[in-house]
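Chemist: quick one: sequence and predicted model below, then my questions.
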Number of protein chains: 2
Amino acid sequence: MSGRLYVIGTGPGNPEQMTPETCRAVSDATEFFGYGPYVDRLELRPDQHCHASDNREELSRAAAALQAASAGAVVCVVSGGDPGVFAMAAAVCEAIDTGPVQWREVELVILPGITAMLAVAARVGAPLGHDFCTISLSDNLKPWEIVERRLEAAARGGFVIALYNPTSKARPWQLAKAFELLQTHLPATTPVIFGRAAGRPDERIVVQELQNADAGLADMATCVIIGSPATKIVARPGMQDIVYTPRFIAG
Amino acid sequence: MSGRLYVIGTGPGNPEQMTPETCRAVSDATEFFGYGPYVDRLELRPDQHCHASDNREELSRAAAALQAASAGAVVCVVSGGDPGVFAMAAAVCEAIDTGPVQWREVELVILPGITAMLAVAARVGAPLGHDFCTISLSDNLKPWEIVERRLEAAARGGFVIALYNPTSKARPWQLAKAFELLQTHLPATTPVIFGRAAGRPDERIVVQELQNADAGLADMATCVIIGSPATKIVARPGMQDIVYTPRFIAG
């Protein structure tokens, strides 16, 4: 008998941003698989079991979860943010694609969540108010040449750019290199938003101009949004500036 | 005395996908501004007032909401999906940017929501599992030439493409034209997902190949996701196919 596999996202970390359907899935499951800090966001009951693993072991974690569901358990794979954006849903699908045929019979329920760029954008205004691209800056899973090509295509196309995985201990230079490349395509005053831990107590949102953007402000919990040439800053005396991308382009 | 202005998103329409913080904002506000069908998703109390307006009057709606908040009311501007993605947050920021100076003193609280592409992606697997672009196909707010240029940049860059506002009564030909253009850049078998009303009782999810993609399947409530050359379909006997974009690119 095959069980059920939920794939959920906790949102950026504020429990008030987790949807009711996701909370119900958490309540329904007994076996939890995920990166430790994400699973720790859930308040599990004594009858619920946590199988935490390292951040980089996505495929083996997906396989273990599918194995448990295939054996009849109600399983929950936990991502931060939205499970479909640079997170566990793709790893689970890949494991089903390449794994034993009985994994295809598992009831798969993927539930959307608030992904980091939406939470960060909401804190500063509406930088994603017009066409945008979402790019993972990690070159663990693709060659750096592809990252550069996509940054260039995005900047030339007039897209706002949301960067996930901007930096890590093993990838210290990539964000500065991306800023350097974008400086050759975008105005010097293009707003750059560093959105760290949006909605959490340790939130830090900083807006800089591209010409002075300091890659050192980003860490693993940061989503970086780079405006398009149309993106504007609105000063508000005594309050945080607003950053938004107008809905209208004259052409 | 200046009031407060919430800008919220209801998610795709399933109340189970609306976050607790958004529900609290709805409970806190007394004046509601939005497109009728979105405001109708909320169960308002007798002391809460609905100022519904037409879909196309975004800027005047934002101005009316700011006027009420500036006069001291607790106001809620209601979008579907996420308010920051082709929705009311940008219109509110634009109204603040161009309106009377006292509107800048209004306490602005923008709350993220589940945007359509995340809900649609979750229903079919993980098509947004790698880099993607989000494009509004409407040429009401930008020239069609810019839409074409961006579609081309996105396809050439290897991005998955999520299309919002694919069609309307006044814009009947744009989606077919977009498919035609993308067929010159992408493999004939590229998966195209038509995701209508994801998570609602009238949901309809259809997956076709780009070479046969029927633009007539889309309506105003549809988000269309077009895969990259890397996007795969996994057949599951007796169950819906899975569509996903692998996390890994060999280069």
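Modeler: Alright, I've got the coordinates. Numbering: from 1, shown residues only, chains lettered A, B, ... in the order given.
Chemist: quick one, helices of the stretch 101-250 of chain A?
Modeler: With DSSP state H, counting those that start in this stretch, the ranges of helices along the stretch 101-250 of chain A come out as A:116-124, A:144-156, A:174-183.
Chemist: got the domain boundaries for chain A?
Modeler: As given by automatic domain parsing, the domain ranges for chain A are A:4-110, A:116-244.
Chemist: gap between the two ends of the shortest one?
Modeler: In other words, domain A:4-110. Taking CA to CA, to the nearest Å, the first and last residues of domain A:4-110 lie 11 Å apart.
Chemist: and the helices of the stretch 101-250 of chain A: which comes nearest A:Glu105?
Modeler: Of all the helices of the stretch 101-250 of chain A, it is helix A:116-124 that lies closest to A:Glu105, at 33.2 Å by CB to CB. The way it works is simple: take the backbone N, C-alpha and C, and place the C-beta from them, glycine included.
Chemist: let me know the angle separating the closest one from helix B:116-124.
Modeler: Orientation check (axes from the mean of the first three to the mean of the last three CA atoms, to 10 degrees): helix A:116-124 against helix B:116-124 gives 160 degrees.
Chemist: what does helix A:116-124 contact?
Modeler: Residues outside helix A:116-124 that contact it (CB atoms under 8 Å, 6 or more residues apart in numbering or on different chains) are A:11-12, A:14, A:17, A:80-81, A:127-128, A:134, A:162, A:164, A:193, A:195, A:198-199, A:203, A:205, A:207, A:223, A:225, A:240-243, B:82-85, B:89, B:110-113, B:115.
Chemist: make TSV out of the helices of the stretch 101-250 of chain A and add mean neighbour count and mean pLDDT.
Modeler: Shown next, in TSV, are these (neighbours: other CB atoms under 10 Å in any protein chain shown; pLDDT from 0 to 100):
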stretch	mean neighbour count	mean pLDDT
helix A:116-124	28	98
helix A:144-156	19	97
helix A:174-183	18	98
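Chemist: adding distance to B:Ala188, write those out as TSV.
Modeler: TSV is the format used below for the helices of the stretch 101-250 of chain A (distance: least, CB to CB, whole Å):
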stretch	distance to B:Ala188
helix A:116-124	32
helix A:144-156	22
helix A:174-183	33
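Chemist: compare these and give me the one nearest B:Tyr38.
Modeler: Comparing the helices of the stretch 101-250 of chain A by CB to CB, helix A:116-124 comes nearest, at 17.1 Å.
Chemist: in PyMOL, how would I select just the buried ones from the contacts of helix A:116-124?
Modeler: The PyMOL selection below is limited to those of the contacts of helix A:116-124 classed as buried (16 or more other CB atoms under 10 Å in any protein chain shown):
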select buried, (chain A and resi 11+12+14+17+80+81+127+128+134+162+164+193+195+198+199+203+205+207+223+225+242+243) or (chain B and resi 82+83+84+85+89+110+111+112+113+115)
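Chemist: of the contacts of helix A:116-124, which belong to strands?
Modeler: Of these, the ones assigned to strands by DSSP state E are A:134, A:162, A:164, A:193, A:195, A:205, A:207, A:223, A:225, A:240-243, B:110.
Chemist: let me know the closest of the residues you listed to B:Ala213.
Modeler: Looking across the ones in strands among the contacts of helix A:116-124 and measuring by CB to CB, the closest to B:Ala213 is A:Thr134, at 22.7 Å.
Chemist: isn't that closest one up against B:Phe132?
Modeler: Yes: with contacts counted by CB atoms under 8 Å, A:Thr134 reaches B:Phe132, the gap being 5.4 Å.
Chemist: what is the burial count for A:Ala73?
Modeler: Look at A:Ala73: counted by other CB atoms under 10 Å in any protein chain shown, it has 18 neighbours.
Chemist: so what's it up against?
Modeler: Counted by CB under 8 Å, 6+ apart, A:Ala73 has contacts A:Gly3, A:Thr30, A:Glu31.
Chemist: most neighbours, which of the residues you listed?
Modeler: Going by other CB under 10 Å, A:Glu31 tops the contacts of A:Ala73 with 20 neighbours.
Chemist: and the pLDDT at that one?
Modeler: Note on A:Glu31: pLDDT of 98.
Chemist: does it really touch A:Cys76, like I thought?
Modeler: Yes: counting by CB under 8 Å, A:Glu31 touches A:Cys76, with 7.1 Å between them.
Chemist: so how far is chain B from A:Ala95?
Modeler: 10 Å (CB to the nearest CB, to the nearest Å).
Chemist: leaving out sequence neighbours, find the closest residue to that residue.
Modeler: Closest residue to A:Ala95 apart from its sequence neighbours, by CB to CB, 6 or more residues apart in numbering or on different chains: A:Ala62 at 4.0 Å.
Chemist: neighbours of the one you found, how many?
Modeler: 25.
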